[in-house]
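Trainee: Provide a 3D model corresponding to the input given below.
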Amino acid sequence: MEVTKAIRQYVERMIDAAPSGMKVLLLDKFTTPIISVVLPQSWLLSKEVYLVDLVSNLGGRSKMHYLKCICFLRPTAESVHDMARELSYPSFSDYYLYFSNTLQKSQIETLAEADVQESVRELQEYFGDFLALTYNTFSLSIPKCYDGGTDRWNQTALDRSVQGLTAVCAALKRRLVLRFERKSGMSTRLAQQVQFTINQTPQVFKPDWSPITLMILDRRLDPVTPLLTPWTYQAMVHELIGITNGRVDLSGVPDIKPDMKEVVFSPENDQFFAKNMYLSFGDLGLTVKNYVTDFQSTTNSTMSLDSISDMKRFVEQYPEFRKLSSQVSKHVTVIGELSRLVDVNKLLETGELEQNLACGTDRHASDLKNLRTVMEREDVSMEMKVKLCMLYTLRYENQSGGSIQEISSLLSRGGASQEQIDAIGGMITYGGKENRQDDLFSFQSLLSKSKFVLKGIKGVQNVYMQHTPLLHEIMDQLIKGKLPVEHYPFLDKAMNSVTKEREKVSEAIVFMVGGATYAEAGTLHALAQGTDTKLLLGGTNMLDSRSFMAEVKEAVQTADV
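Mentor: Now for the predicted structure:
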């Protein structure tokens, strides 16, 4: 049950359906990242695909009637229109059309009318309508969900979420058993719409498929996790640098080599990343050090490799190492940049306070004192100060002393903009105690005694990794059959019985309305490890702290309109 495998199999079937010989692949702006995240260009070349182009680029293509054309498009009005134009003036000999979701009858008629030269050889619906980021993580790339409040859908985002989730169901060939967060109107509505769509298309969704639980949750349930600095590899890269469609832009890194300005960061195409993406930053440093040390033993070098900077200098001085292990040398560069950003942004200095606010025992006076100290530091960014203030107000929302007014005053004196100051109250409006289903902080306090440290390599000092996303507890209870139906009911009301509640779950998808995080993906990976349980994480988007705060701002602003 791997989403990347499902996409790969779809593409293999598309390409294999066309006769042997040179081929062209036409995509649209939606399906291009779906393909590129999972399959490298070299794989397409091995399948005799020598040209990849956008279907909208009609005027920019030469007539190449010796090529067969495979098209993979999302069935939007725009893409169907572009495909119809292409068929009216065909550039290629034969066309094999595949759409990533259900076509409407009118769209099929439009394509048929445009195919005046009868060049279409096949028309199929292949449900690859989601971005498969890793084997257990997918995104629908919806940046904005809200319209008219923090619990009301933007209609376009709702429609797209229904399409994406039903596509995942069809791609995995699973029958959905829907559960949702009762307190969230958005989760409830999405569950209802997904079930309605499935009921309307029985020719696609087979009742004899194996069941899988789809748990739909609201990001407001846990607004803390996206605000925290993560300390595992994949999550750190996304937070500090950014992962976009399986690629990392390193063009802003000081003294970066030309061939490293953009690197692929997909576990499907990078074995080192696949093996180590959930490692802590300290353990990752040790792993890379072992790789570099093994190579160093084959040379006469006696260069010290105690720090990340040492390893980076070694790779630069030994270009043969880069040729021998391009994957590892790429990661040495990325880890070096992460180390630099941790230092520049003083993340080790602020990390402990973040963790104490997120999951430590209640120490209001101490936490407020430490927050005031950080607010006075000029070497801590305003963005970090705002995040710390958000964490503080979420944690001590109803605590007397240290009110939102005082926090706002601290920010104002520190030079924060009015927009940044307003964001503190906006976070409470979005994810305050009244909007959360579970007692987020009491759960975290129970786990705070279990502390993990980053260790083992110079330059990476002890930083607490106490915080565990609330998703861990919810999914652990779900797997064990202990998740209470009064808070997380089945959509099928007949299943809301004690017997059904206690049934253990072996396969589940959890979908986060408002966006998921790579930290939560790591949590599900750890939860399923060493068991037969299979867990997938999906979200309207994959968040970092900046995109999350932008989403919150959008939700609160639409509520005020």
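
Trainee: now the strand ranked longest in the chain, how far from the centre of its chain.
Mentor: In the chain, assigned by DSSP state E, the strand with the most residues is strand 210-218. Computed by C-alpha atoms, centre = their mean, to the nearest Å, the chain-centroid distance of strand 210-218 equals 17 Å.

Trainee: after it comes which helix or strand?
Mentor: For strand 210-218, the following helix or strand on the C-terminal side (DSSP states H and E) is helix 233-240.

Trainee: and the strands in this structure?
Mentor: Along the chain, counting by DSSP E, strands occupy 23-27, 49-54, 68-73, 94-99, 120-125, 131-134, 137-139, 174-180, 210-218, 247-249, 262-264, 507-513, 534-539.

Trainee: looking at the ones you listed, which has the lowest confidence?
Mentor: For those, the weakest mean pLDDT is recorded on strand 262-264, namely a mean of 89.

Trainee: got the buried residues for that one?
Mentor: By 16 or more other C-beta atoms under 10 Å, the buried positions in strand 262-264 come out as V263, V264. C-beta here means a position set from N, CA and C on the backbone, and glycine is covered the same way.

Trainee: same deal with stretch 240-255?
Mentor: Applying 16+ other C-beta under 10 Å to stretch 240-255 flags L240, I241, I243, N245, G246, R247, V248, L250, V253 as buried.

Trainee: list the contacts of the fifth one.
Mentor: Meaning G246. P33, S36, V37, L133, V264, F265, S266, E268, N269 (C-beta atoms under 8 Å, 6 or more residues apart in numbering).

Trainee: I'd say the second one and N245 touch.
Mentor: So that's S36. Yes. The criterion here is C-beta atoms under 8 Å, and S36 meets it with N245 at 6.2 Å.

Trainee: and S62, how many neighbours does it have?
Mentor: 5 (other C-beta atoms under 10 Å).

Trainee: for the nearest residue to it once chain neighbours are set aside, give me its contacts.
Mentor: In space, and not counting its chain neighbours, S62 is closest to S91: 7.2 Å by C-beta to C-beta, 6 or more residues apart in numbering. Residues in contact with S91 (C-beta under 8 Å, 6+ apart) are L58, R61, S62, K63, M64, H65, C69.

Trainee: against L471, how distant is S91?
Mentor: Between S91 and L471 the distance, using C-beta to C-beta, to the nearest Å, works out to 48 Å.

Trainee: next: E113.
Mentor: In terms of C-beta to C-beta, E113 sits 48 Å off from L471.

Trainee: quick one: contacts for R61?
Mentor: D53, S91.

Trainee: on that earlier part again, which neighbours in the sheet does the longest strand of the chain have, and how are they oriented?
Mentor: Here strand 210-218 has these sheet partners by DSSP bridges: strand 174-180 (parallel), strand 507-513 (parallel).

Trainee: name the residues that touch the last one?
Mentor: Okay, so that is strand 507-513. So strand 507-513 is contacted by 1, 145, 161, 165, 168, 174, 184, 186-187, 190, 210-219, 471, 474-475, 478-479, 520, 524, 533-540 (C-beta under 8 Å, 6+ apart).

Trainee: just want the angle from it to strand 534-539.
Mentor: Orientation of strand 507-513 against strand 534-539 (axes from the mean of the first three to the mean of the last three C-alpha atoms, to 10 degrees) gives an angle of 10 degrees.

Trainee: residues contacting Q355?
Mentor: L228, Y464, M465, Q466, H467.

Trainee: what about burial for these, which qualify?
Mentor: Members of the contacts of Q355 classed as buried by 16+ other C-beta under 10 Å are L228, Y464, M465, Q466, H467.

Trainee: from E554, how far out is the first one?
Mentor: Shown here: L228 relative to E554, a distance of 21 Å by C-beta to C-beta.

Trainee: cool, the last one as well?
Mentor: Plainly put, H467 is 25 Å away from E554 if you go by C-beta to C-beta.

Trainee: can you pull out the helices in the stretch 301-450 of the chain?
Mentor: Assigned by DSSP state H, counting those that start in this stretch, the helices in the stretch 301-450 of the chain fall at 308-317, 319-324, 326-344, 347-359, 364-375, 382-395, 404-413, 418-431, 440-447.

Trainee: give me the most central residue, this structure.
Mentor: Against the mean C-alpha coordinate of the chain, by C-alpha atoms, centre = their mean, the closest residue is M542 at 3.1 Å.

Trainee: list the contacts of the residue lying closest to it once chain neighbours are set aside.
Mentor: The shortest distance from M542 to any non-neighbouring residue, by C-beta to C-beta, 6+ apart, is to S139 (4.8 Å). S139 makes contacts with F130, L131, L133, A516, G538, G539, T540, N541, M542, as judged by C-beta under 8 Å, 6+ apart.

Trainee: so where's this structure shaky on pLDDT?
Mentor: 291-327, 400-402, 437-439, 442-464, 498-502, 559-561 (pLDDT under 70).

Trainee: one more time with 50
Mentor: Along the chain, the parts satisfying pLDDT under 50 run over 321, 323-324, 443-463.

Trainee: what count of nearby residues applies to the nearest residue to T213 once chain neighbours are set aside?
Mentor: For T213, ignoring the flanking residues on the chain, the nearest one in space by C-beta to C-beta, 6+ apart is A508 at 4.3 Å. Using other C-beta under 10 Å, A508 has 22 neighbouring residues.

Trainee: any idea how far A508 is from E113?
Mentor: Distance, A508 to E113, using C-beta to C-beta: 44 Å.

Trainee: before we move on, what about L51?
Mentor: As judged by C-beta to C-beta, L51 and E113 stand 27 Å apart.

Trainee: those two: which is more packed in?
Mentor: When L51 and E113 are compared for neighbours, L51 comes out ahead with 15 against 11, by other C-beta under 10 Å.

Trainee: name all residues that make contact with D492.
Mentor: By C-beta under 8 Å, 6+ apart, the neighbours of D492 are V177, L178.

Trainee: rerun that using 6 Å as the cut-off
Mentor: With C-beta atoms under 6 Å, 6 or more residues apart in numbering as the criterion, no residue contacts D492.

Trainee: how many neighbours does Y66 have?
Mentor: For Y66, using other C-beta under 10 Å, the count is 9.

Trainee: please report how far it lies from E397.
Mentor: Y66 is 67 Å from E397, by C-beta to C-beta.

Trainee: again with Q203
Mentor: Distance, Q203 to E397, by C-beta to C-beta: 50 Å.

Trainee: cool, and L348?
Mentor: On the measure of C-beta to C-beta, L348 and E397 end up 28 Å apart.

Trainee: got phi/psi on the spatially closest residue to K480 that is not a sequence neighbour?
Mentor: Leaving aside its chain neighbours, K480 sits nearest to K504 (6.3 Å; criterion: C-beta to C-beta, 6+ apart). Backbone torsions for K504, taken as degrees, to the nearest 10, come to phi -70, psi 150.

Trainee: how close does K504 sit to T533?
Mentor: 9 Å.

Trainee: the more surrounded of those two?
Mentor: In this view K504 and T533 are compared by other C-beta under 10 Å, and T533 has more residues nearby, 18 against 10.

Trainee: list the contacts for the more buried one?
Mentor: With the criterion set at C-beta under 6 Å, 6+ apart, T533 makes contact with I479, S506.

Trainee: that one and L483, how far apart?
Mentor: Taken as C-beta to C-beta, the span from T533 to L483 is 14 Å.

Trainee: got it, and T134?
Mentor: 25 Å.

Trainee: higher neighbour count, the two?
Mentor: Ranked by neighbour count (other C-beta under 10 Å), T134 and L483 place T134 first, with 24 against 21.

Trainee: with just CA atoms, put stretch 260-274 into CSV.
Mentor: What follows is stretch 260-274, C-alpha atoms only, in CSV (Å, rounded to 0.1, in the frame of the first residue of the first chain):
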residue,chain,number,x,y,z
MET,A,260,24.3,21.8,-6.9
LYS,A,261,22.0,24.8,-7.3
GLU,A,262,18.9,22.5,-7.6
VAL,A,263,18.9,19.0,-6.3
VAL,A,264,16.4,16.2,-6.4
PHE,A,265,15.1,15.2,-2.9
SER,A,266,12.8,12.3,-3.6
PRO,A,267,13.1,8.9,-1.8
GLU,A,268,12.0,7.3,-5.1
ASN,A,269,15.2,8.6,-6.8
ASP,A,270,17.6,8.8,-3.9
GLN,A,271,18.4,5.7,-1.9
PHE,A,272,20.4,7.6,0.8
PHE,A,273,17.5,10.0,1.4
ALA,A,274,15.0,7.1,1.4
